[in-house]
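Q: here you go, sequence then predicted model.
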Amino acid sequence: MTEWSQRVNQGASGRFTTDGKYLTFMLAEEEYGIGILEVKEIIRMMPITTVPRTPAFVKGVINLRGKVIPVVDLRVRFGLTASEYTERTCIIVVELASESGALPIGMVVDAVSEVLHIKREDLEAAPTFGGTLDTAYILGMAKVDGGLIILLDIEAVLMGEDFGTLSVMDEEVTPDGVGVVMGRCHPMEERGDDVTESCMQ
């Protein structure tokens, strides 16, 4: 097995990555996917409280049922041109492992597409661009309907050198604390594979 084949099978973070269900979403006309088991819930866009002296890609925090959750704009994280938020803009809440336990983080995306079951034979290794470009955050490429979906290693995307900033922003608050909860939440275990209609294209 080649190095890149091993990467598709195991992923940059050591998790086994193969055929299975992926939540797909849009960023700047490109489609991305993350493992469905990494997704905790999807919420509509809601007020975000800005936190001073944080990296540009950290938009701030939201108060989600009394829990302060840091929010990252994936467009900015990937160096893409920022855009105005629309009715299709959503926050995907994922949960990562940290020294203090599970760390929920929200990711702002242009729109949520659907949940796809991707077969092993439709997976390809991440392309190589030489030594100048870092593709450690890419688990692989999925071939779907004649196109490609970029499968992300979400830990590699979010747990970079600025990860400590997100960790200290993970605190409990009272319901009248930071931000105002306005979006309707859709926990994955409650809604199955259905995706919020207002977030879909």
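A: Looks like it arrived, so ask away.
Q: for this structure, which spans come out with low pLDDT?
A: Under the criterion pLDDT under 70, the flagged ranges of the chain are 1-18, 129-134, 160-201.
Q: and the helices in it, which stretches?
A: With helices called from DSSP state H, the chain shows them at 3-10, 74-77, 154-158, 163-168, 188-191.
Q: residues contacting the second one, please?
A: So that's helix 74-77. 27-28, 32, 56-57, 59, 81-83, 107-110, 157-158 (Cβ atoms under 8 Å, 6 or more residues apart in numbering). Every C-beta, even on glycine, is put in place using the N, C-alpha and C of the backbone.
Q: and which of those is nearest Met141?
A: Tyr32 (10.6 Å; Cβ to Cβ).
Q: now the closest one: how far from Ser113?
A: Using Cβ to Cβ, to the nearest Å, Tyr32 is found at 9 Å from Ser113.
Q: neighbour count: these two, which is higher?
A: Tyr32 (23 against 19; other Cβ atoms under 10 Å).
Q: can you tell me how far the residue lying closest to that one once chain neighbours are set aside is from Pro127?
A: Excluding the flanking residues, the one nearest Tyr32 by Cβ to Cβ, 6 or more residues apart in numbering is Ile150, at 4.9 Å. Separation of Ile150 from Pro127 (Cβ to Cβ) stands at 10 Å.
Q: anything in contact with each of those two?
A: Met141.
Q: same drill for those two, tell me which one is more crowded.
A: Ile150 (20 against 13).
Q: quick one: contacts for the more buried one?
A: So, once contact is read as Cβ under 8 Å, 6+ apart, Ile150 ends up touching 30-33, 138, 141.
Q: skip the chain neighbours and tell me the closest residue to Lys119.
A: Asp19 (4.8 Å).
Q: correct me, but that neighbour touches Gly140?
A: No - using Cβ atoms under 8 Å, Asp19 is not in contact with Gly140; the gap is 11.0 Å.
Q: which neighbours do the two share?
A: Joint contacts of Asp19 and Gly140 (Cβ under 8 Å, 6+ apart) are Leu123.
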